[in-house]
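1. Just a sequence and a predicted model for now, questions to come.
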Amino acid sequence: MNRREFIKASAGASLYPFLNGCEQQVRWEKDAFIKTKRSRVAILAAEQYGNSLRDTIRRGVEMFRLELSGKRVLLKPNLVEFDPKGVINTHPAVIEAAVDAFKTLGAREVIVAEGPGHRRDNEYLISASGLYDVIKEHRIRYVDLNTDDVRLTRLKSSFTHFQQLYLPETLYNADLLVSMPKLKTHHWAGVTLSLKNMFGVVPGSVYGWPKNALHWAGIVGSILDINSSLPLPRFAIVDGIVGMEGNGPLQGQEKKGGVLVFGGDLVAVDATAARLMKIEPSKVKYIEKAGEFLGNIRREQIDQIGENLEPYQQDFRVIDNFAYLKKLVG
Amino acid sequence: MIDEATKFLLTSQNADGGWGALAGKRSNTEATALALLALLAISKNALEPAMRKAQTWLLKRHNPDGSWPLNDTLTTSSWSTALAIIALNASGDFKEPIVKAGNWALEQEGSKPGILTNLILALTFQKKAVQLNEDLVGWSWTPNSFSWVEPTSYFLLALKKIRRHLAAKSIAERIQQGEMMIYDRMCDNGGWNYGNSSVYGDRLWPYPDITAIALLALQDHQERRENQMSLRALGDMAKYTDSGLALSWITICLSVYDQDSAQLRQRLGERFAKTKFLGETKVIALALLAMNDGPRFFRV
């Protein structure tokens, strides 16, 4: 791609969010996506990061009757950065409980993998965040997706100029990818949940830090292109026990949510998690677009199991640019 | 630690002569360049064959345009060219490839946000998120994207190491641009992270590894207020840092700034005993550089 083509592509990506209203072109391979009519999402109460999490997470996974026997499960938490005074990361107790749950339910191997978006210092990140002790205790592998061997993957949608992305080999060698985001607002994307968490699978050694090429190609389009093209089945467990509001994903304030959200349709999971934050999912551009071909976002299409949503809804503040997200539709 | 880490490098060298991010992974330019430097720093005759294989790996992958690829899967030009220049410059008489690479590096520059992007921000009344001078251009991680501190620092180091071989005017201007970009991205109290000092008015914090790398790139301005502030910030961060990557870069940086780093070397050894630096080739190589006479490769 020459400079002129790049500028055109960048301009297109920049404009994309603003052209939604007049966008008619279908940007995904129609045959590649068969959306189910309904999706199940579970909300389970979890007051704190304690021992009871093991039971809660096992119960949450069991609700979906996943076939786990003999499978290699890849847990992808959010370790984009660490702040000792903040709540940026998926809590290690949630990761540990998930390791325990998937092993108990028959997984052959559970690995934790992340391609941190800001830092290249894996040893620091996993030690400071508390993950190192979990990995040691459970004798599991941690894979740095930023420097993993890569394979060229053709994209099944074209919301960016990429057409293809290099993705880590580790994804190709796993049977199930579990997105484990933190429940957070996000200053570029509105919210960051299980779909946005997939930025972390894109290797920094190829695309830079802070996953710069994706930002230049457009965050909304990148989230859609990555999620439409990952080469393995997915599941999501959202750490909403304590979330982040305001200027997330790094500098926002702690906000207690008291929940974990589970589901196999990541779009439906994110729509539900957004509603838990009193954020209208159909106004979050990437969730709205994902709802057209990747999963369900309308409440009447989501079978809510576990706890009811309303008692757990919390008013998560957003930055001024995203004030429009707070006008709930349903 | 030195013996064990050296043994790791020797046993994890791939048959093709390069190193991967971890033992058993495909060879890449970053790990190979740093491992080659680490073996050079140890300076033992017995390491010669491994070093020659590493040099060959690098030379065989030199792109016709002068750049180096990330690895054999991604053969297009990459940021790791800067590390290949530093490694080959240190390891022998490779003037022709490093001059070619230097000239390629001089032509590279990070992109600026387009007029269209700025227009959209203005028309939609969106607040400017970051406080940085977008007109200052350094080097990017990937072609046609924004300038960031770490790749800019690597290229500054590489170009400063080989500047005597390059046309004086073009290199002086390019180096000055890159330095201005790094200074512009400094955090409020000194030090650097990946390249943003604040977002929507909230301050971001510096990272020890990136601060050390940036200070190495700016070592010929030691008296500047920003260098002194950042050196103090690095000293503070060093007290609370125990990762192999950060300790290694801090040790190399402080050595180049002629400051005492004996305690850091001791902590590096203790940390290796505990975590083995997660088996990351890059970190093990950097630790060997820090523990031996490696800082000289980063002196300009």
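-> Great, that's in hand.

2. ok, the spatially most central residue of chain B - contacts?
-> Centroid-nearest residue in chain B: B:Tyr154, 4.0 Å away (criterion: CA atoms, centre = their mean). Residues in contact with B:Tyr154 (CB atoms under 8 Å, 6 or more residues apart in numbering or on different chains) are B:Trp79, B:Ala82, B:Leu83, B:Ile86, B:Trp139, B:Ile213, B:Ala217. For glycine as for every other residue, the C-beta is placed from the backbone atoms N, C-alpha and C.

3. how about these in TSV, adding secondary structure?
-> Below are the contacts of B:Tyr154 laid out as TSV (DSSP: H, G, I helix; E, B strand; the rest coil):
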residue	secondary structure
B:Trp79	coil
B:Ala82	helix
B:Leu83	helix
B:Ile86	helix
B:Trp139	coil
B:Ile213	helix
B:Ala217	helix
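
4. Columns pLDDT on top of those, output as TSV?
-> Output for these, formatted as TSV (pLDDT from 0 to 100):
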residue	pLDDT
B:Trp79	97
B:Ala82	98
B:Leu83	98
B:Ile86	98
B:Trp139	97
B:Ile213	98
B:Ala217	98
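
5. and which of the residues you listed is nearest to chain A?
-> The closest of the contacts of B:Tyr154 to chain A turns out to be B:Trp79 (CB to the nearest CB; 7.8 Å).

6. how near is the closest one to B:Arg174?
-> Distance, B:Trp79 to B:Arg174, using CB to CB, to the nearest Å: 16 Å.

7. now A:Gly208
-> Counting by CB to CB, the gap from A:Gly208 to B:Arg174 is 20 Å.

8. Repeat that for B:Ala167.
-> For B:Ala167 relative to B:Arg174 (CB to CB), the value is 10 Å.

9. what about these two, which has more around it?
-> B:Arg174 (22 against 11; other CB atoms under 10 Å in any protein chain shown).

10. Touching the host helix or strand of A:Ala101 from outside, list them.
-> Here A:Ala101, judged by DSSP states H and E, is contained in helix A:92-104. If you take CB under 8 Å, 6+ apart as the criterion, helix A:92-104 is touched by A:49-50, A:53-54, A:56-58, A:60-61, A:68, A:73, A:75, A:77, A:110, A:112, A:129-131, A:133-134, A:137-138, A:140, A:178, A:180, A:237, A:239, A:241, A:260.

11. still on that earlier bit, could you rank the contacts of B:Tyr154 by neighbour count and give me the top one?
-> B:Ala82 (30 neighbours).

12. nearest residue to that one other than its sequence neighbours?
-> Nearest in space to B:Ala82, with sequence neighbours left out and distances taken as CB to CB, 6 or more residues apart in numbering or on different chains, is B:Tyr154 at 3.6 Å.

13. For that neighbour, report the pLDDT, please.
-> Looking at B:Tyr154, its pLDDT stands at 98.

14. Next: B:Pro113.
-> Here the pLDDT value assigned to B:Pro113 is 74.

15. Now do the closest residue to it other than its chain neighbours, the pLDDT please.
-> Distances taken as CB to CB, 6+ apart put B:Glu134 closest to B:Pro113, at 5.8 Å, once the chain neighbours are dropped. Looking at B:Glu134, its pLDDT reads 88.

16. ok but B:Glu134 is inside a helix, no?
-> No - applying three-state DSSP, one finds B:Glu134 to be coil, outside a helix.

17. Just confirm it contacts B:Lys112, I think it does.
-> Yes - in this structure B:Glu134 lies within contact range of B:Lys112 using CB atoms under 8 Å: 5.2 Å.
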